[in-house]
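Student: for reference, the sequence and a predicted model appear below.
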Amino acid sequence: MKQIDVAVAIMLNTEQQVLTSWRQLHQHQGGLWEFPGGKREPDESMFDTLQREIHEELGVSVETAAPFVRIEHDYGDKQVSLDVWLVSHFTGEPQGKEGQALRWQTIDELEKGEFPAANAAIIEALQRASI
Ligand SMILES: Nc1nc2c([nH]c(=O)n2[C@@H]2O[C@H](COP(=O)(O)OP(=O)(O)OP(=O)(O)O)[C@@H](O)[C@H]2O)c(=O)[nH]1
Ligand SMILES: [Mg+2]
């Protein structure tokens, strides 16, 4: 089975809130909220992907990130492997560089039903971990 490797960022601010962004309707799993990130390109490490995607989508530089969890999910039309990182330090103020809406929420406020199905396991892991 061909899996798509995706780097996903849990961007944390100083108030322990997490950044979520809206997936536009034309995207896979569009109309739902996500954690920013995207697909790995050939010859990139997952950390390279994380830094590139976060710079492209939010205009900020990831300074410190730690691997958090890896989630594999089969959507039927696509199989994804989400490599989820906790980003505790970044420089710049996140902006929706691709026109996407952004919001900050506490971990308790994250609602599984607003995200793609693969994210339920990420949200559970965040809510279990005391971050
Ligand atoms: N970024 C991101 N992708 C997710 C999440 N959850 C999830 O299932 N995915 C899936 O991961 C895949 C890749 O994400 P993406 O669409 O952001 O990839 P990308 O930024 O490279 O986009 P592009 O194809 O427009 O260049 C999509 O199939 C998407 O549905 C999530 O929380 N964040
Ligand atoms: Mg993306």
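Tutor: Happy to help now that I have it. Numbering: from 1, shown residues only. Ligands and ions are numbered 1, 2, ... in the order given.
Student: which helix or which strand is home to the residue of the chain found nearest ligand 1?
Tutor: Residue nearest to ligand 1 within the chain (C-beta to the nearest ligand atom): residue 38, separated by 2.4 Å. Every C-beta, even on glycine, is put in place using the N, C-alpha and C of the backbone. Following DSSP states H and E, one finds residue 38 within strand 37-39.
Student: name the surrounding residues that touch that strand.
Tutor: Residues from elsewhere that reach strand 37-39 (C-beta atoms under 8 Å, 6 or more residues apart in numbering): 4-9, 49-50, 53-54, 56-57, 82.
Student: give the next helix or strand downstream of that strand.
Tutor: Next in sequence after strand 37-39, counting helices and strands by DSSP H and E, comes helix 46-58.
Student: list the contacts of that following helix.
Tutor: The contact list for helix 46-58, computed with C-beta under 8 Å, 6+ apart, reads 5, 7, 9, 11, 19, 21, 36-41, 44, 60-62, 65, 83, 85, 87, 90, 92, 94-98, 100, 102.
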